[in-house]
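K.L.:
generate a structure from the sequence data that follows.
(one chain, ligands or ions: 1)
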Amino acid sequence: MAGSLPLSKDFRPFDVTNPSTYEFNRPFESDIFTMIYFLSEVFVHKDAVTRFLKTCFARMKKGALLIVIDFKHADVQSWIDTCAKQGGLEGSGKEEELVMDTSEQKSILKRYSDKFNIEPKIRSQVFYRLFRKT
Ligand SMILES: C[S@@+](CC[C@H](N)C(=O)[O-])C[C@H]1O[C@@H](n2cnc3c(N)ncnc32)[C@H](O)[C@@H]1O
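P.N.:
Next up, the predicted model:
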């Protein structure tokens, strides 16, 4: 239907380092997967998360999309590119500087910016990927 996008609001908490927590079906039937500032967070558990990525990519349906946005880092980029290729996903991407909207509400962080005498980062080097399961 033009102009509308039906979304499911079904939440499933799970731990990507623990396969027994992601033994479900429905989330893998999704049309769109996003990994936003996620891979850099879990890179320290690379072997365990690689098992999750293999499961996820094997179970994604044909045509499903994966959107990745994360801090630019050669090891993280080659990790997801390799896993995606091995998992039957094809896609493209780019790297660029991201400038956050300066109107972002930061006042609740004031006690920390005062304590550490720093402003929250508003510029970062990021990479993007858009993959499609073939
Ligand atoms: C930096 S946050 C990004 C959150 C969100 N995508 C965003 O852009 O605001 C990293 C996310 O990784 C998730 N995460 C970290 N370790 C995880 C794990 N072992 N299993 C599943 N998720 C994990 C955290 O719950 C958190 O939501």
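K.L.:
who in this protein is up against the ligand?
P.N.:
With the criterion set to CB under 6 Å from any ligand atom, the chain comes near the ligand through Asp15, Val16, Thr17, Ile36, Tyr37, Phe38, Glu41, Val42. (Glycine included, C-beta is placed from N, CA and C.)
K.L.:
just the buried residues of the residues you listed.
P.N.:
Neighbour counting with 16 or more other CB atoms under 10 Å marks Val16, Val42 as buried within the residues of the chain next to the ligand.
K.L.:
and the residues of the chain next to the ligand, which of them are in helices?
P.N.:
Residues from these lying in helices, with DSSP state H as the criterion: Glu41, Val42.
K.L.:
Phe52 sits in which helix or strand?
P.N.:
Assigned by DSSP states H and E, Phe52 belongs to helix 46-59.
K.L.:
correction: the previous question concerned Gly91.
P.N.:
Counting by DSSP H and E, the element that carries Gly91 is strand 89-99.
K.L.:
name the residues that touch that strand?
P.N.:
57, 60, 66, 68, 72, 77, 84, 122-134 (CB atoms under 8 Å, 6 or more residues apart in numbering).
K.L.:
buried set for that strand?
P.N.:
Neighbour-count burial for strand 89-99 flags Leu89, Gly91, Gly93 (criterion: 16+ other CB under 10 Å).
K.L.:
just name the shakiest helix or strand of this structure by mean pLDDT.
P.N.:
Here the helix or strand of the chain ranked lowest by mean pLDDT, DSSP states H and E is helix 110-116, holding a mean of 85.
K.L.:
what's the next secondary structure element after it?
P.N.:
strand 123-133.
K.L.:
one step back: buried subset of the contacts of strand 89-99, written for PyMOL?
P.N.:
The PyMOL command for the buried members of these (criterion: 16+ other CB under 10 Å) is given here:
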select buried, resi 57+60+66+68+72+77+84+126+127+128+129+131+132+133
